[in-house]
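Asker: From the sequence below, what's the structure:
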Amino acid sequence: GSGGNGGPNSDLLQPQLLLLTGAATALALFNAMTSEGGDGKRAQEISMQHFLSNILAHGHVVRLVVVNNTLVKVHMSSQHTSSSSEVGIAAPESDFGSRAVGPPVYYFTIGSAEQFEEKLEAAQASIGRPLRDYVPVQYSTEVSYLGEATRFLPTVLLIGFFYVLSRGMAG
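Answerer: Numbers count the residues shown, from 1 in each chain. Here you go, the predicted structure:
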C-alpha cells in the first residue's frame with residue numbers, strides 16, 4: 001500500500017491546528033498566571049486610609065509586603081483571614097508571636113514607600129502600639145510573566161504571518 005499525502009485538505013489543516021494549539025496554550029498560561037493558589041480566594045482592594053484607620057488597629061495584621069514600591073499586600077494571621085476579621089476581637093498579646101501567616105487578604109496602592117512608612121509608623125504610634133510590636137514591612141519585586149510575554153507578541157505574530165505566507169506561496 002501507499003502512504004499517501006494525507007488527503008486533499010492536509011495542507012489547510014496544519015496552520016489551523018497550529019493556531020488552535022497556540023490559542024489553547026496561551027489560554028492555559030493566562031489562566032495559570034492569573035489564578036490564585038490555595039483556597040482560591042482573591043485579596044480585596046481597600047484604601048490605605050481604611051487600612052490605617054480600621055484594619056491595623058485590630059491587631060490581626062502579621063506582615064505587610066510592599067511589591068514594586070507601588071502595591072502593599074496585607075498578610076493577616078491565618079485564623080483571621082475571612083473578610084469578617086475587621087470587626088473581630090484582637091488576639092491576646094501572648095499569642096502574637098505564635099500566629100501563622102495566612103495569604104494576603106487585602107491590598108492597596110501607595111504613592112511612595114517612604115510616605116507609606118511614615119504614615120504607618122504614625123498610625124501605630126497613635127494607637128499606642130509598642131515599638132517592638134510594630135508590623136514588619138517587607139519589600140519585594142515581582143515580575144509579571146504575562147507582561148513580559150506580551151512584549152514578544154508582535155514579533156511572534158510577524159513570524160507566524162511570514163510563515164503562513166511562505167507556506168501559501170510554496171504550494
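Asker: Can you get me a residue count around residue 48?
Answerer: By the criterion of other CB atoms under 10 Å, residue 48 has 17 neighbours. Bear in mind the C-beta positions are built from the backbone N, C-alpha and C, glycine included.
Asker: What are the phi and psi values at it?
Answerer: phi -60, psi -40 (degrees, to the nearest 10).
Asker: Not counting sequence-adjacent ones, nearest residue to it?
Answerer: Taking CB to CB, 6 or more residues apart in numbering, and ignoring the residues beside it in sequence, residue 48 has residue 108 as its nearest neighbour in space, at 4.9 Å.
Asker: buried stuff in the helix or strand that neighbour falls within?
Answerer: Residue 108 belongs to strand 101-109 when assigned by DSSP states H and E. Residues of strand 101-109 classed as buried: 102-108 (neighbour count, 16 or more other CB atoms under 10 Å).
Asker: what's the answer for stretch 164-171, then?
Answerer: Applying a neighbour-count criterion of 16+ other CB under 10 Å, stretch 164-171 contains no buried positions.
Asker: what does stretch 112-121 give?
Answerer: Along stretch 112-121, the positions that meet the burial threshold by neighbour count (16+ other CB under 10 Å) are 116, 120.
Asker: One more: stretch 62-77?
Answerer: By neighbour count, with 16+ other CB under 10 Å as the criterion, the buried positions of stretch 62-77 are 62, 64-66, 71-77.
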